[in-house]
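S.K.: how does the following fold in three dimensions:
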Amino acid sequence: MLDAVLGALAWVHQWSDPLAWVTLAAFVAGAAVDRFDRERARYLTVGAWVAFGVFWLSQIYHFVFVQKSIVEGIGTLLAVPLSLSVGLLLARGRDSLFVLSRAVAIMGLVFLPFEALAVFRRPLVEAVTDQTAFLISLLGIEPTVVEGMTYTTPDGHAVPINDKTYPYESTFAFTPDGHPVLYTIKIACTGVGSMAIFAGLIGAVRAPLSGKLRALAVSLPVIYALNLVRNVFISVSFGKQYLHVFPETVMGLFATDDPYMVSYFVADRILAQSLSVVALIGITWLVVRELPAVLLIVEDVLYVVTRTEYDLVDSLGLDAGRPVRADGEGPDA
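M.R.: As a prediction, the model looks like this:
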């Protein structure tokens, strides 16, 4: 039974890329039509949320069984029912969710070009690699930066670069105890995903341009800088094997028989990803201080999760330009 489920999840994953584009097209179409026909936009946007749920279903195998990410795995599992729940609430008339839907459309428009198109992806990945390498050098550590799909060790052995999708100059090679340890910068390591989230939240609300620019200024540079620190932490901890702790427990938890991967899983999957959640919460606070209207989206997300109405705007004493009606028929919808 379990093998059949895993096989089905692996099969669905092959459709994740086209699903992403179909979902984005539906969200963008819904946002565009909403400007002149809300009821037609409702059908389009509800369909977009259903497609979004199917998209996250297609990602479960990747994040849980390939990436072996606790944080992203849990997030992906929750995203499936939550996406369907948003679609149901929108179909039943909770029109404030059109703002969240616009945010998702903007997020996709920002992120997908970097994910799918080499003309955007390669310069960003290689720039982040160069900047990470510079910061690592400030610590007195000089890893080899590798371009291509293999790394040739000093004694002439060709070592394939695991999970290397694109032959960019984006892999750090360390040799602790003479054993090659390779860490590759991918698009997920650039911070563009988190930046897309905040660009979507900020772009979706209707607020003065000055407030949006301030919100972007306190979020995007902070995300980019923190992401570089994250890359340095993971690459050095992994490459120098600084976090080889509780190896048997970690190897069992992440289903690996490679002891050299222990430091990576502890540094990235446990510490860095957990701290990233904390950092995103902190950055959200900085954003809402400059653009309180974003709290209206946060309130809707909390309602979807808990089915309880929250009034964060009034609780924090902020002015978000709340719409007159809770169904979204106001200035923020």
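
S.K.: what packs against the helix or strand Ala105 falls within?
M.R.: Ala105 is part of helix 97-116, with elements assigned from DSSP states H and E. In this structure, helix 97-116 makes packing contacts with helix 16-33, helix 38-60, helix 70-91, helix 118-137, helix 192-204, helix 294-306, judged by 3 or more C-beta pairs under 8 Å, 6 or more residues apart in numbering; DSSP states H and E. In short, each C-beta sits where N, CA and C put it, glycine included.

S.K.: can you give the contact residues for the last one?
M.R.: Translated: helix 294-306. With contacts defined as C-beta atoms under 8 Å, 6 or more residues apart in numbering, helix 294-306 is touched by 82, 85-86, 89, 94, 96-97, 99-100, 103, 201-202, 204-205, 215, 284, 287-288, 308-313, 316, 318, 320, 322-323, 332.

S.K.: from what I see, Ser83 and Leu57 are in contact.
M.R.: No - no contact is recorded between Ser83 and Leu57 when judged using C-beta atoms under 8 Å, the distance being 9.2 Å.

S.K.: for stretch 55-74, could you pull out the residues that count as buried?
M.R.: 55-64, 67-70, 72-73 (16 or more other C-beta atoms under 10 Å).

S.K.: list the contacts for the closest residue to Ala29 other than its chain neighbours?
M.R.: Take Ala29 and drop its neighbours on the chain: the residue closest to it by C-beta to C-beta, 6 or more residues apart in numbering is Leu44, 5.2 Å away. Contact partners of Leu44, counting by C-beta under 8 Å, 6+ apart, are Ala26, Ala29, Gly30, Val33.

S.K.: for the second one, report the pLDDT, please.
M.R.: When you say that, I think you mean Ala29. We have a pLDDT of 98 for Ala29.

S.K.: before we move on, the earlier item: so which of the contacts of Leu44 is the most crowded?
M.R.: Gly30 (25 neighbours; other C-beta atoms under 10 Å).

S.K.: could you measure from it over to Glu142?
M.R.: According to C-beta to C-beta, to the nearest Å, Gly30 stands 51 Å off from Glu142.

S.K.: same question, Phe55
M.R.: Distance of Phe55 to Glu142, computed by C-beta to C-beta: 41 Å.

S.K.: report the central residue of the chain.
M.R.: Gly193 (4.3 Å; C-alpha atoms, centre = their mean).

S.K.: who's in contact with that residue?
M.R.: Applying C-beta under 8 Å, 6+ apart, the residues near Gly193 are Phe111, Ile187.

S.K.: so it versus Tyr310, what's the distance?
M.R.: With C-beta to C-beta as the criterion, Gly193 and Tyr310 are 26 Å apart.

S.K.: likewise Leu88?
M.R.: Leu88 sits 19 Å away from Tyr310, taking C-beta to C-beta as the criterion.

S.K.: where does the protein have its least confident helix or strand?
M.R.: The helix or strand of the chain with the lowest confidence, counting by mean pLDDT, DSSP states H and E, is strand 158-160 at a mean of 74.

S.K.: partner strands of it, parallel or antiparallel?
M.R.: As defined by DSSP bridges, the strand partners of strand 158-160 come to strand 150-152 (antiparallel).

S.K.: buried residues, the strand it pairs with. List them.
M.R.: For strand 150-152, burial by neighbour count (16+ other C-beta under 10 Å) applies to Tyr151.

S.K.: what of stretch 209-221?
M.R.: Buried, per 16+ other C-beta under 10 Å, within stretch 209-221: Gly211, Lys212, Arg214, Ala215, Leu216, Val218, Ser219, Leu220.

S.K.: put together JSON lines for the residues you listed, with pLDDT on each row.
M.R.: As requested, the buried residues of stretch 209-221 are arranged in JSON lines below (pLDDT from 0 to 100):
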{"residue": "Gly211", "pLDDT": "94"}
{"residue": "Lys212", "pLDDT": "97"}
{"residue": "Arg214", "pLDDT": "97"}
{"residue": "Ala215", "pLDDT": "97"}
{"residue": "Leu216", "pLDDT": "97"}
{"residue": "Val218", "pLDDT": "96"}
{"residue": "Ser219", "pLDDT": "97"}
{"residue": "Leu220", "pLDDT": "97"}
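
S.K.: helices - which of the residues you listed land there?
M.R.: When DSSP state H defines the helices, the subset of the buried residues of stretch 209-221 inside them is Gly211, Lys212, Arg214, Ala215, Leu216, Val218, Ser219, Leu220.

S.K.: of all the helices and strands packed on helix 97-116, which lies closest to Leu253?
M.R.: helix 70-91 (8.6 Å; C-beta to C-beta).

S.K.: can you tell me, leaving aside adjacent residues, what's nearest to Lys68?
M.R.: In space, Lys68 comes closest to Phe254 once its chain neighbours are excluded; the distance is 4.9 Å by C-beta to C-beta, 6+ apart.

S.K.: isn't that neighbour right up against Tyr264?
M.R.: No - under the criterion of C-beta under 8 Å, Phe254 lies out of contact with Tyr264, with a separation of 9.2 Å.

S.K.: who's more crowded, these two?
M.R.: Using other C-beta under 10 Å as the criterion, Phe254 and Tyr264 rank with Tyr264 on top: 22 against 18.

S.K.: who touches the strand or helix carrying the more buried one?
M.R.: With elements taken from DSSP H and E, the one containing Tyr264 is helix 262-264. Here helix 262-264 makes contact (C-beta under 8 Å, 6+ apart) with 183, 234, 237-238, 240-247, 250-251.
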